[in-house]
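A.B. asks: with the input below, show me the fold.
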Amino acid sequence: MKSLDGKVVVITGAGSGIGRALALDAGRQGAVLALSDWDETGLAETASLLADAGTGPGQCRTDRLDVRDREAMRHYAASVSEELGRVNVLVNNAGVALHGDFEEVSYEDFEWVIDVDFWGVVHGTKEFLPHLIASGDGHLVNLSSLFGLMGMPGQTAYNSAKFAVRGFTEALREEMLVAGHPVGVTCVHPGGIRTAIARNARTTASHDQAEVARHFDRRLARTTPEKAAEVIWAAVRAGRPRAVVGADAQLLDVLVRVAGPRYQDVVARLSKRLAP
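C.D. replies: Sure thing, here's the model as predicted:
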């Protein structure tokens with residue numbers, strides 16, 4: 001897929017952050033957009049920004065959607081395909097975060113992260129994949145994380161979901177190759193991106209949510225959502241199976257590859273010094 005011009009692009013979690021930046025960039029490239037989010041206010045703001053940028057009526061559809069809801073995703077996929085005639089690109093971007101030691105994490109919070117960050121990807125892929133195949137030049141983009149490449153203390157639930165997204169996406173890409181389906185597959189691993197995910201995250205009782213968010217914003221969020229969108233769309237156009245976004249993610253990816261499992265000792269020592 002060398003261009004998004006005229007392609008039907010579906011993006012979940014488009015109400016803010018990377019999802020919004022992807023939508024705005026795709027709109028500038030001439031894509032027809034189907035955007036969804038749990039946050040109706042944020043989604044409306046994205047649509048307004050697209051309108052201000054010159055995306056005309058009929059080029060952007062917006063829907064409130066809970067990616068955890070399998071039936072809702074099934075109806076959404078069928079409705080988008082029927083209304084817009086095809087689906088060329090799906091970006092499973094919607095995600096949430098949870099910070100806290102596993103000893104303190106409740107089952108309910110752990111399930112919340114898995115349901116959104118992993119099952120949301122599975123639901124979107126399952127329902128939209130037939131439409132991507134039928135398009136003749138489809139592309140699937142699943143958002144994992146730097147924490148889908150390495151473990152991190154305080155992130156057991158998020159690590160579990162994002163490692164699962166990575167394994168699911170890589171295996172699915174292999175299936176597309178074996179079957180000869182015309183669908184490219186890209187797994188995205190962003191590092192620290194300047195989004196609201198930390199401010200909207202849940203934390204366990206022994207952690208101050210506001211302080212965790214401030215620490216992320218000040219010390220870890222080095223890459224803009226706009227830069228992340230640029231890297232992701234470049235990976236789609238090039239047909240790359242993996243996109244590692246941000247200098248921090250690229251550096252730590254190399255650490256994991258070089259050090260092997262011993263990277264865990266390095267991360268544990270550093271986290272004691274750098275954690276909020």
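A.B. asks: from here on, contacts and neighbour counts on C-alpha atoms
C.D. replies: Noted.
A.B. asks: now the helices for the stretch 101-250 of the chain?
C.D. replies: Per DSSP state H, counting those that start in this stretch, the stretch 101-250 of the chain carries helices over the ranges 107-113, 120-135, 156-179, 209-215, 225-238, 247-259.
A.B. asks: hmm, which helix or strand of the chain has the shakiest average pLDDT?
C.D. replies: Each helix and strand of the chain was given a mean pLDDT (mean pLDDT, DSSP states H and E); the minimum falls on helix 209-215 at a mean of 60.
A.B. asks: most tightly surrounded among the helices of the stretch 101-250 of the chain?
C.D. replies: Among the helices of the stretch 101-250 of the chain, ranked by average contacts under mean count of other CA atoms under 10 Å, first place goes to helix 120-135 (a mean of 21).
A.B. asks: need the contact partners of that helix.
C.D. replies: Contacts made with helix 120-135 from outside it, assessed by CA atoms under 8 Å, 6 or more residues apart in numbering, are listed as 67-68, 70, 73-74, 77, 81, 86-90, 92-94, 138-140, 142, 165, 181-183.
A.B. asks: which strand in this structure runs the most residues?
C.D. replies: Within the chain, and with DSSP state E defining each element, the longest strand by residue count is strand 183-190.
A.B. asks: who's in contact with it?
C.D. replies: Residues from elsewhere that reach strand 183-190, judged by CA under 8 Å, 6+ apart: 132-133, 136-149, 166, 169-170, 172-173, 176, 228, 232, 235-236, 239-246, 249.
A.B. asks: do that again at 6 Å, thanks
C.D. replies: 138-146, 173, 241-245 (CA atoms under 6 Å, 6 or more residues apart in numbering).
A.B. asks: next: stretch 233-246.
C.D. replies: With CA under 6 Å, 6+ apart as the criterion, stretch 233-246 contacts 1-2, 185-191, 223.
A.B. asks: out of the residues you listed, which one has the lowest pLDDT?
C.D. replies: The pLDDT minimum for these sits at M1, where the score is 81.
A.B. asks: number of residues surrounding it?
C.D. replies: M1 is flanked by 15 other residues according to other CA atoms under 10 Å.
A.B. asks: how close does it get to A47?
C.D. replies: If you measure M1 against A47 using CA to CA, to the nearest Å, the figure is 25 Å.
A.B. asks: cool, and G6?
C.D. replies: Noted for G6: a distance of 18 Å to A47, by CA to CA.
A.B. asks: repeat that for H75.
C.D. replies: Using CA to CA, one obtains 22 Å as the distance from H75 to A47.
A.B. asks: also R86?
C.D. replies: Taking CA to CA as the measure, R86 falls 21 Å from A47.
A.B. asks: so between these two, which is more surrounded?
C.D. replies: Neighbours around R86 and A47, counted as other CA under 10 Å, are more numerous at A47. The numbers are 23 against 20.
A.B. asks: quick one: which of the helices of the stretch 101-250 of the chain is nearest D265?
C.D. replies: Across those, the minimum distance to D265, taken as CA to CA, is reached by helix 247-259, at 9.8 Å.
A.B. asks: quick check: buried residues in the helix or strand just after the closest one?
C.D. replies: Moving toward the C-terminus from helix 247-259, the next helix or strand (DSSP states H and E) is helix 263-274. Residues of helix 263-274 classed as buried under the neighbour-count rule (16 or more other CA atoms under 10 Å) are 263-264.
A.B. asks: ok, and what's touching helix 263-274?
C.D. replies: Helix 263-274 is contacted by residues V256 when judged by CA under 6 Å, 6+ apart.
A.B. asks: let's see 10 Å
C.D. replies: For helix 263-274, the external contacting residues (CA atoms under 10 Å, 6 or more residues apart in numbering) are 150-154, 215, 219, 252, 255-257, 259.
A.B. asks: from I114, how far out is V254?
C.D. replies: In this structure, V254 lies at 27 Å from I114, with CA to CA as the measure.
A.B. asks: same question, Q29
C.D. replies: Going from Q29 to I114 by CA to CA gives 33 Å.
A.B. asks: the two: who's more crowded?
C.D. replies: Set side by side, Q29 and I114 give different neighbour counts by other CA under 10 Å, the larger being at I114 (23 against 14).
A.B. asks: quick one: contacts for the more buried one?
C.D. replies: Applying CA under 10 Å, 6+ apart to I114 gives the contacts 68, 95-97, 120, 157-162, 164-165.
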